[in-house]
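*Asks:* Below are the sequence and a predicted model; questions follow.
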Protein chains: 2
Amino acid sequence: VAVVATALAGIPEVRVGDDLAGHLARAASGEPLRDGDVLVVAHKVVSKAEGRVRDLADVEPGERARELAARLGRDPRHVQVVLDEAAELMRIEHVLVCRTRHGFVCANAGVDASNAGAPDRLVLLPLDPDASARALRTRLRDLTGTAPAVVISDSFGRAWRHGQAEVAIGCAGVAPLDDWRGRTDAAGRELNATWIAIADEAAAAADLARGGKDSGEPAVVVRGLERFVTPDDGPGAAALVRPLAEDLFR
Amino acid sequence: VAVVATALAGIPEVRVGDDLAGHLARAASGEPLRDGDVLVVAHKVVSKAEGRVRDLADVEPGERARELAARLGRDPRHVQVVLDEAAELMRIEHVLVCRTRHGFVCANAGVDASNAGAPDRLVLLPLDPDASARALRTRLRDLTGTAPAVVISDSFGRAWRHGQAEVAIGCAGVAPLDDWRGRTDAAGRELNATWIAIADEAAAAADLARGGKDSGEPAVVVRGLERFVTPDDGPGAAALVRPLAEDLFR
């Protein structure tokens, strides 16, 4: 099996209200999308198109935000937006480690100031990234006649490892997990690593095909994953979220 | 940029004392390795070649192992081997979440019973996976005249996400992290996701190119990462380990 990840060139700066699927379809027109493709899209352009941005000028920081901002040397309005996006503030360090309302555990509740498209603007995570992925897939089918799987990705830090790796925060049409549990090896022993986070690995593979964080390449086509692509949209990246009741590390 | 991951076919069952680099070089002879390639090798075959295996028949479980095994319904000898490999037992659940002596936090200290090559045999992590990667790289250069980067990988669970993703536990000749910290976006704002775990993402991409956990495809060539490949072996995957003092989630 060969897996090939190729960044789509020529996607313009995405603005609030843009038809993102239209941008993606035009960018892919040179080598048209196929049904078995997985299209990995950085969440930032999805959030921008959906208007999931906040301008600092519109934010009134509360007492908790001002207190945290003073402690961390940050803009209290920025901290207020993080608190607004967080369901739970898990750790307070140089970043605020939060659990979002989606259940994601990540730095600053996914709120990001870089490449926001305007000064003093913050980009939030999509409200429902799986719904965003489904909508993109449907619209791509309408525009192009093909329905690639869609993964919406973000860079998450990891509890015990340095650096960030790209993960899936939303998906449609790709199995988020490949479940080998209960299956056995050649000798009949249960396989150990048996529940593979396909959508996260696809997001990571796509990230390597980007020129860099400022390269303006928010979308990457991943080929060779046809066996994980499904006609139906499937459970989405919600299936990747470990429920609170199973969290050993709160 | 296109990133292409292709599994090497034809690697035989690896046995203790085998010349793994020889197996890899022969498997790659159809399409020879190039200097900018990243060769991702599942740790299991590295551990086997290095003799990092233990047979249950040789294990005498201590009191703690017997107690834990009774609680978890597991073989006390298997639990003893996990305890032997663990520097710290962090959580006791259906798996034992351990910190290994390398500093990795993973299930069962990386001890794995599947595809071990013999019944009642366990495969451990390499003692020093970065040294293993360097040795493989050197030996590949001797055998083939080219020195691809080498990543040694394992599947790790994640604290807040379901499923496992492949990560780098050892590497040589590839930058484990791509550091954008301090660099700014087009508007001069500091980039948020700015410290990218390249070696982990390469391990994840490689995993997608395997046919499956029982496919006997322990090695994958990843092309298109030339910009991260270095003549010197570099800091290794040790650079990916968050030091204990920075651990927010013990």
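*Replies:* Cool, the structure landed. Numbers count the residues shown, from 1 in each chain, chains lettered A, B, ... in the order given.

*Asks:* what about the longest strand along chain A, near chain B?
*Replies:* The longest strand of chain A (DSSP state E) is strand A:161-172. Yes: residues of strand A:161-172 contacting chain B under C-beta under 8 Å from any C-beta of the partner chain: A:R161, A:H162, A:G163, A:Q164, A:A165, A:E166, A:V167. The way it works is simple: take the backbone N, C-alpha and C, and place the C-beta from them, glycine included.

*Asks:* How far away from the center of its chain is the helix or strand immediately after that strand in the chain?
*Replies:* Next helix or strand after strand A:161-172 toward the C-terminus (DSSP states H and E): strand A:178-179. On the basis of C-alpha atoms, centre = their mean, to the nearest Å, strand A:178-179 sits 20 Å off its chain's mean C-alpha point.

*Asks:* Which neighbours in the sheet does strand A:178-179 have, and how are they oriented?
*Replies:* Using DSSP bridges, the strands paired with strand A:178-179 are strand A:195-196 (antiparallel).

*Asks:* next helix or strand past the strand it pairs with?
*Replies:* helix A:198-208.

*Asks:* after that following helix comes which helix or strand?
*Replies:* Past helix A:198-208, the next helix or strand by DSSP H and E is strand A:219-223.

*Asks:* ok but A:R137 is inside a strand, no?
*Replies:* No: if the criterion is DSSP: H, G, I helix; E, B strand; the rest coil, then A:R137 is helix and not within a strand.

*Asks:* which one of the residues of strand A:161-172 next to chain B has the most neighbours?
*Replies:* A:E166 (30 neighbours; other C-beta atoms under 10 Å in any protein chain shown).

*Asks:* surely that one meets A:A202?
*Replies:* No: counting by C-beta atoms under 8 Å, A:E166 sits too far from A:A202 to count as a contact (9.1 Å).

*Asks:* helix/strand/coil for the residue most central in space within chain A?
*Replies:* Most central in chain A under C-alpha atoms, centre = their mean is A:S153, positioned 2.3 Å from the mean C-alpha point. Judged by three-state DSSP, the three-state class of A:S153 is strand.

*Asks:* what's the burial count for the nearest residue to it once chain neighbours are set aside?
*Replies:* Closest residue to A:S153 apart from its sequence neighbours, by C-beta to C-beta, 6 or more residues apart in numbering or on different chains: A:A203 at 3.9 Å. Close neighbours of A:A203, defined as other C-beta under 10 Å, add up to 33.

*Asks:* what's the answer for A:N108, then?
*Replies:* Count around A:N108 with other C-beta under 10 Å applied: 21.

*Asks:* so it makes contact with A:L96?
*Replies:* Yes: when contacts are counted by C-beta under 8 Å, A:N108 is listed as touching A:L96 (5.5 Å).

*Asks:* shared neighbours of those two, anything?
*Replies:* A:V82 (C-beta atoms under 8 Å, 6 or more residues apart in numbering or on different chains).

*Asks:* Tell me where chain A has helices.
*Replies:* A:20-27, A:43-49, A:63-72, A:76-85, A:129-144, A:198-208 (DSSP state H).

*Asks:* Which strands or helices does the first one pack on?
*Replies:* Spelled out, that is helix A:20-27. Under the contact definition 3 or more C-beta pairs under 8 Å, 6 or more residues apart in numbering or on different chains; DSSP states H and E, helix A:20-27 sits against strand A:38-42, helix A:43-49, helix A:129-144.

*Asks:* re the thing from before, same list, the residues of strand A:161-172 next to chain B, but as CSV with distance to B:V3 please.
*Replies:* Putting the residues of strand A:161-172 next to chain B into CSV (distance: C-beta to C-beta, whole Å) gives the following:
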residue, distance to B:V3
A:R161, 21
A:H162, 22
A:G163, 18
A:Q164, 18
A:A165, 15
A:E166, 13
A:V167, 17
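
*Asks:* Now flag whichever of those is closest to chain B.
*Replies:* A:G163 (3.5 Å; C-beta to the nearest C-beta).

*Asks:* contacting residues for A:L8?
*Replies:* A:L24, A:A27, A:A28, A:E217, A:A219, A:V220, A:V221.

*Asks:* at 6 Å instead, please
*Replies:* A:A27, A:A28, A:A219 (C-beta atoms under 6 Å, 6 or more residues apart in numbering or on different chains).

*Asks:* so A:S132 touches A:A168, yeah?
*Replies:* No: counting by C-beta atoms under 6 Å, A:A168 is not a contact partner of A:S132; they are 11.9 Å apart.

*Asks:* Compare neighbour counts for these two and give me the winner.
*Replies:* A:A168 (32 against 27).

*Asks:* So that one versus A:I198, what's the distance?
*Replies:* Computed with C-beta to C-beta, to the nearest Å, the distance linking A:A168 and A:I198 is 9 Å.

*Asks:* what do you get for A:V4?
*Replies:* For A:V4, the distance to A:I198 - C-beta to C-beta - is 16 Å.

*Asks:* And those two? Which one has more around it.
*Replies:* For A:V4 and A:I198, the more surrounded residue by other C-beta under 10 Å is A:I198, and the numbers stand at 26 against 20.

*Asks:* Report the beta-bridge partners for A:A149.
*Replies:* A:V38.

*Asks:* Count the residues that sit near it.
*Replies:* Other residues close to A:A149 by other C-beta under 10 Å number 27.

*Asks:* That one touches A:V229, doesn't it?
*Replies:* Yes: judged on C-beta under 6 Å, A:A149 makes contact with A:V229 at a distance of 4.7 Å.

*Asks:* So for the two, which residues contact both of them?
*Replies:* What both A:A149 and A:V229 touch, as defined by C-beta under 6 Å, 6+ apart, is the set A:G173, A:V174.

*Asks:* residues in contact with A:D120?
*Replies:* A:L56.

*Asks:* Tell me, what's the model's pLDDT at it?
*Replies:* At A:D120, the model reports a pLDDT of 92.

*Asks:* again, but for A:D179
*Replies:* 89.

*Asks:* what's around it, how many residues?
*Replies:* 13.

*Asks:* how close does it get to B:R77?
*Replies:* Applying C-beta to C-beta to A:D179 and B:R77 gives a distance of 28 Å.

*Asks:* so where's chain A uncertain?
*Replies:* Applying pLDDT under 70 to chain A picks out residues A:1, A:185-193, A:212-215.

*Asks:* Pretty sure A:A239 sits against A:D178.
*Replies:* No: assessed by C-beta under 6 Å, A:A239 is found out of contact with A:D178, at 11.5 Å.

*Asks:* Ignoring the adjacent residues along the chain, who's closest to A:T6?
*Replies:* Nearest to A:T6 is B:A2, by C-beta to C-beta, 6+ apart, at 4.5 Å.

*Asks:* Bridged to the closest residue to A:G103 other than its chain neighbours, which residues?
*Replies:* Nearest residue to A:G103, sequence neighbours excluded (C-beta to C-beta, 6+ apart): A:V241, at 3.9 Å. Beta bridges link A:V241 to B:R161, judged by DSSP bridges.

*Asks:* what about A:V241, how many neighbours?
*Replies:* 20.

*Asks:* Ok, A:G103 next?
*Replies:* Counted with other C-beta under 10 Å, A:G103 comes out at 18.

*Asks:* List the residues that contact the residue nearest to A:S153.
*Replies:* A:V40, A:V151, A:S153, A:E166, A:V167, A:A168.

*Asks:* same check, this time on A:I198
*Replies:* Applying C-beta under 6 Å, 6+ apart, the residues contacting A:I198 are A:A175, A:D178, A:F228.

*Asks:* I'd say the first one and A:F228 touch.
*Replies:* So that's A:A175. Yes: judged on C-beta under 6 Å, A:A175 makes contact with A:F228 at a distance of 4.6 Å.
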